[in-house]
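Enquirer: mind folding the following:
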Amino acid sequence: MKVVVAIDSLKGSLTSLEAGEAIREGVLRAIPEADVVVRPLADGGEGTVEALTLGMGGRLEKAMVTGPLGRPVECAYGLLPEEKLAVVEMSGAAGITQVPESERNPMNTTTYGVGEVIRRAIEQGCRRFIIGLGGSATNDGGVGMLQALGFGMLNENGAQVSFGAKGLQELRTITTEHVLPELKDCEFRVACDVTNPLCGELGASAIYGPQKGATPTTILQMDKWLADYAELAKTVNPDADPNIPGAGAAGGLGFAFLAFLGGKLNSGTRIVLDETRLEDYVKDADFVITGEGRLDEQTMMGKAPSGVAKIAKRHGKPVIAFSGSVTEDATACNAKGIDAFFPILRSVVTLQDAMDHDSAAHNMANTVEQVFRLIRACGKV
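Expert: Sure, this is the predicted structure:
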């Protein structure tokens, strides 16, 4: 029997690979001769660097870069040298969790550190990049990142503009003569699960500005400055389009990748499933296992387990899901490719106990073992 496991992290408890290893243990207890293959799974957000890098045999690196407030921060990223691939979460260099609530103000926060991580990976030989855009503290349109990569984002005096969205107000000229030459050989796949344009009522400033500390006044200012920046971008790329879905992601960082770096925006889940080549493993599987921290109606609306289920069903494979908890509306998963799902909690416990790492791994392995004992008893081995 071949069992392929691709489960998302149980946030706060188990990483994708830790959950997968617990599942492997449970399957092998019930069916020692089973071939259990664990593949990484993530949706492009938190945990993507670790899941993809370690799951694909790469290594984790750390770099000291400019943080969102201009102070140094340590950013983790993944390297897969044989693939010339780097995996970067922008939140590692410019995330909102790095900014104390009292200092949250997108007028001041920068994406410069994101560019520094990319530059570092290029120096290490990478030419392919997976970039996760979730969790940003910024609204600078990616100008900071572009500055770090050698773009001249210049004010009326020919100097680089200030960090943060306030720098957009100063922007008068964009130059490219000092751009890192290796960028022309680089490919950027950008994990983006939002469809907001750069500007307007559904744009970066209006929708995401408030959670980053923007006021009604600064939202209007930033929106205008981003619109002016988008027009100026056409002097470098006449096809620069602020209305492309996702251009407003991460405070306009999506636009910077599209307009200046030839980036392609895709669902984070799709990127991960493509890069890990999950379909190649599923084709000859007997069972496919997936899951996440909580299964509910939203699970099948583009989340990582839904992508696994779609692949499995293309090949007629049964799909079982395990999760920390399930909701009443999780039955929607049954209609979308998950044949059966099981919560792993085995008694009434506190939330703290349920999310304890060792308890979660223990509960996962025990629950999986019982399911596969039933499968064996039914003669499906």
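Enquirer: mind listing what's buried in the longest helix along the chain?
Expert: Ordering each helix of the chain by length in residues (DSSP state H) puts helix 357-377 first. Judged by neighbour count using 16 or more other Cβ atoms under 10 Å, the buried positions of helix 357-377 are 359-365, 367-369, 371-372, 375. Just so you know, the C-beta spots here come from the backbone N, C-alpha and C atoms, and that holds for glycine as well.
Enquirer: JSON lines for the residues you listed, including pLDDT and distance to Arg104?
Expert: Shown next, in JSON lines, are those (pLDDT from 0 to 100; distance: Cβ to Cβ, whole Å):
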{"residue": "Ser359", "pLDDT": "93", "distance to Arg104": "34"}
{"residue": "Ala360", "pLDDT": "94", "distance to Arg104": "32"}
{"residue": "Ala361", "pLDDT": "96", "distance to Arg104": "35"}
{"residue": "His362", "pLDDT": "95", "distance to Arg104": "39"}
{"residue": "Asn363", "pLDDT": "95", "distance to Arg104": "37"}
{"residue": "Met364", "pLDDT": "97", "distance to Arg104": "36"}
{"residue": "Ala365", "pLDDT": "97", "distance to Arg104": "41"}
{"residue": "Thr367", "pLDDT": "97", "distance to Arg104": "40"}
{"residue": "Val368", "pLDDT": "98", "distance to Arg104": "42"}
{"residue": "Glu369", "pLDDT": "98", "distance to Arg104": "46"}
{"residue": "Val371", "pLDDT": "97", "distance to Arg104": "45"}
{"residue": "Phe372", "pLDDT": "97", "distance to Arg104": "47"}
{"residue": "Ile375", "pLDDT": "96", "distance to Arg104": "50"}
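Enquirer: got the contact list for the spatially most central residue of the chain?
Expert: Of all residues in the chain, the one closest to the mean position by Cα atoms, centre = their mean is Gly44, 1.9 Å from it. Going by Cβ atoms under 8 Å, 6 or more residues apart in numbering, Gly44 touches 130, 132-134, 191-193, 267-269, 271-272.
Enquirer: which of these fall in strands?
Expert: 130, 132, 191 (DSSP state E).
Enquirer: the first one is in contact with Lys84, isn't it?
Expert: So the one you mean is Ile130. No. Using Cβ atoms under 8 Å, Ile130 makes no contact with Lys84, being 12.0 Å away.
Enquirer: neighbour-wise, which of the two wins?
Expert: Higher neighbour count among Ile130 and Lys84: Ile130, with 27 against 18, using other Cβ atoms under 10 Å.
Enquirer: three-state assignment of the residue lying closest to the more buried one once chain neighbours are set aside?
Expert: Nearest residue to Ile130 in three dimensions, chain neighbours excluded: Val87, at 4.8 Å (Cβ to Cβ, 6 or more residues apart in numbering). Here Val87 is strand, with the state taken from DSSP: H, G, I helix; E, B strand; the rest coil.
Enquirer: tell me who's in contact with Val87.
Expert: Taking Cβ under 8 Å, 6+ apart as the test, what Val87 contacts is 48-49, 52-53, 58, 77-80, 129-130, 132.
Enquirer: return the member of these nearest to Ala233.
Expert: Taking Cβ to Cβ as the measure, Ala233 sits nearest to Phe129 out of the contacts of Val87, at 20.3 Å.
Enquirer: so the closest one touches Val117, yeah?
Expert: No. Between Phe129 and Val117 there is no contact under Cβ under 8 Å: 9.6 Å.
Enquirer: okay, and the common contacts of these two?
Expert: Shared contacts of Phe129 and Val117, counting by Cβ under 8 Å, 6+ apart, come down to 86, 88.
Enquirer: counting neighbours, go ahead and name the busier of the two.
Expert: Val117 (28 against 23).
Enquirer: which strands and helices lie in contact with the helix-or-strand element of the chain with minimal mean pLDDT?
Expert: Least confident helix or strand, the chain: helix 351-354 with a mean of 82, by mean pLDDT, DSSP states H and E. Helices and strands touching helix 351-354, as assessed by 3 or more Cβ pairs under 8 Å, 6 or more residues apart in numbering; DSSP states H and E, are absent.
Enquirer: what residues does that helix touch?
Expert: With Cβ under 8 Å, 6+ apart as the criterion, helix 351-354 contacts 13, 324-325, 345, 359-360.
Enquirer: just flag the most distant two among the residues you listed.
Expert: Farthest apart among these by Cβ to Cβ are Ser325 and Ser359. That separation is 13.6 Å.
Enquirer: coming back round to it: need the contact partners of the longest helix of the chain.
Expert: For helix 357-377, the surrounding residues in contact (Cβ under 8 Å, 6+ apart) are 10, 13-14, 18-19, 21-23, 25-27, 29-31, 34, 287, 289, 320, 322, 324, 342-346, 349, 353-354, 381.
Enquirer: which of those residues fall in helices?
Expert: Short answer: those in helices (DSSP H) are 18-19, 21-23, 25-27, 29-30, 353-354.
Enquirer: that older thread, on the three-state scheme, the residue nearest to the centre of the chain is what?
Expert: Under three-state DSSP, Gly44 comes out as coil.
Enquirer: state the distance from the closest residue to it other than its chain neighbours to Ala227.
Expert: The shortest distance from Gly44 to any non-neighbouring residue, by Cβ to Cβ, 6+ apart, is to Gly268 (1.8 Å). Distance of Gly268 to Ala227, computed by Cβ to Cβ, to the nearest Å: 27 Å.
Enquirer: neighbour count for those two, which is higher?
Expert: Gly268 (27 against 17).
Enquirer: give me the pLDDT for that one.
Expert: Per-residue pLDDT puts Gly268 at 88.
Enquirer: next, the contact list for it, please.
Expert: 42-45, 48, 132, 134, 191-193.
Enquirer: need the max-distance pair from these.
Expert: Ala42 and Cys192, at 14.0 Å, using Cβ to Cβ across those.
Enquirer: which residues in the stretch 1-150 of the chain form helices?
Expert: Ranges of helices within the stretch 1-150 of the chain are 16-30, 48-55, 91-94, 112-123, 143-148, based on DSSP state H, counting those that start in this stretch.
Enquirer: lovely, talk soon.
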